[in-house]
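Q: Just need the structure, nothing else, for what follows:
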Amino acid sequence: MEFVGYGGGRGLPHEHLLWASTGRAHFVMDTRGQGSAWGGGGATPDPVGGGPAYPGFMTRGLDAPENYYYRRVFTDAVRAVEAARSHPLADAGRTVVLGGSQGGGIAIAVGGLVPDLTAVAPDVPFLCDFPRATTLTDRHPYREIGLYLKTHRGRTEDALRTLSYFDGVHFAARGRAAGALLGGPGGPDLPAVDRLRGLQRLGPRRQGDRGVRLQRPRGRRPLPTGRQGALAAFAPVTASLRRPVPRLVAG
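A: Okay, the predicted model is just below:
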């Protein structure tokens, strides 16, 4: 189950051939309200309204946890896992969630909300350790929060309280997944502390768990991580998932 980065959508089928080409069932969640910044776009609206917000998604509904945008996104993500597991080509007992940037943050949240996942594979995850990350960078999307508070002075405490309900650090502490992967250098909009604080709490909670494979960022030099790293890390635990893919015969 894959979740996409900030501003992206589910895209088009030809953009997601890697996992299917290895014989694995692969599902991609369309992030509500997003899908117009890059890639092949999205098609899922977010019809829920909210209070005043800075342009973007980080401050939508920031006035209260029950109104916050990512409450709906995380709910969608859990339901997406349930839907994927119900598909006849999926092995519900061997489910891995993954994603990069925003998708990595969503994957961590799902890892804390769904207790029986096989593994969680976040790559340069976003949405972790908000109090510190928002003070270490002035780049978007974190900058949306600062600009919101620049206008709504005096609401910092309330905003941080809302964000604390959706912080990947806390979801990571709840996770019971057998393995996790952190990789990739990211950029100035994703400070290293954001990624490391979220992932350092992920790890084995049961005897026999595989634990965390941690790849530390090294400036901007590419690392063999992301989907390639996830393929290598989780090949053993998902090997039995692969089944013959039905052929479509024209005629």
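Q: which stretches of the stretch 101-250 of the chain form helices?
A: Assigned by DSSP state H, counting those that start in this stretch, the stretch 101-250 of the chain shows helices spanning 102-113, 130-136, 142-151, 156-164, 168-174, 192-199, 226-238.
Q: By mean pLDDT, show me the worst of those.
A: Of all the helices of the stretch 101-250 of the chain, the segment with the smallest mean pLDDT is helix 192-199, scoring a mean of 53.
Q: Can you report how many residues neighbour residue 114?
A: 20 (other Cβ atoms under 10 Å). Where you see a C-beta, it was placed from the backbone N, CA and C, and this is true even at glycine.
Q: So it versus residue 20, what's the distance?
A: Computed with Cβ to Cβ, to the nearest Å, the distance linking residue 114 and residue 20 is 22 Å.
Q: Residues contacting stretch 148-157, please?
A: By Cβ atoms under 8 Å, 6 or more residues apart in numbering, the surrounding residues in contact with stretch 148-157 are 52-54, 58-59, 62-63, 159.
Q: buried set for that stretch?
A: Neighbour-count burial for stretch 148-157, counted by 16 or more other Cβ atoms under 10 Å, picks out 148-149, 152.
Q: which among these gets closest to residue 38?
A: Nearest to residue 38 among those is residue 148, at 23.1 Å by Cβ to Cβ.
Q: Now residue 77: which helix or strand?
A: Here residue 77 sits within helix 69-85, counting by DSSP states H and E.
Q: Heading C-terminal from that helix, find the next helix or strand.
A: Using DSSP H and E, the first helix or strand after helix 69-85 is strand 96-100.
Q: Give me the mean pLDDT for that following strand.
A: Here strand 96-100 scores 91 as its mean pLDDT.
Q: That one versus helix 69-85: what angle between them?
A: Our comparison of strand 96-100 with helix 69-85, counting by axes from the mean of the first three to the mean of the last three Cα atoms, to 10 degrees, yields an angle of 140 degrees.
Q: Show me what strand 96-100 pairs with in its sheet, parallel or antiparallel.
A: On the basis of DSSP bridges, the sheet neighbours of strand 96-100 come out as strand 2-3 (parallel), strand 119-123 (parallel).
Q: hey, least reliable of these by pLDDT?
A: Of all these, strand 119-123 carries the lowest average pLDDT, namely a mean of 86.
Q: and the angle from it to helix 102-113?
A: Here strand 119-123 runs at 150 degrees with respect to helix 102-113, directions being taken by the same axes, to 10 degrees.
Q: Relative to the whole chain's centre, how far out is strand 119-123?
A: For strand 119-123, the gap between its own C-alpha mean and the chain's C-alpha mean amounts to 8 Å (Cα atoms, centre = their mean, to the nearest Å).
Q: Next: stretch 106-123.
A: For stretch 106-123, the distance between its averaged C-alpha position and the chain's averaged C-alpha position is 9 Å (Cα atoms, centre = their mean).
Q: which of the residues in that stretch are buried?
A: Under 16+ other Cβ under 10 Å, the buried positions of stretch 106-123 are 106-114, 117-123.
Q: same deal with stretch 156-171?
A: If you call a residue buried by 16+ other Cβ under 10 Å, then stretch 156-171 has these buried ones: 159-160, 162-163, 166-171.
Q: go on, stretch 49-57?
A: Using 16+ other Cβ under 10 Å as the burial criterion, the residues of stretch 49-57 that qualify are 53-54, 56-57.
Q: circling back to that earlier point, out of the contacts of stretch 148-157, which one sits closest to residue 13?
A: Nearest member of the contacts of stretch 148-157 to residue 13, counting by Cβ to Cβ, is residue 58, at 29.5 Å.
Q: For that closest one, give its distance to residue 87.
A: Relative to residue 87, residue 58 is positioned 32 Å away (criterion: Cβ to Cβ).
Q: neighbour count winner among the two?
A: The residue with more neighbours, out of residue 58 and residue 87 and counting by other Cβ under 10 Å, is residue 58; that gives 26 against 11.
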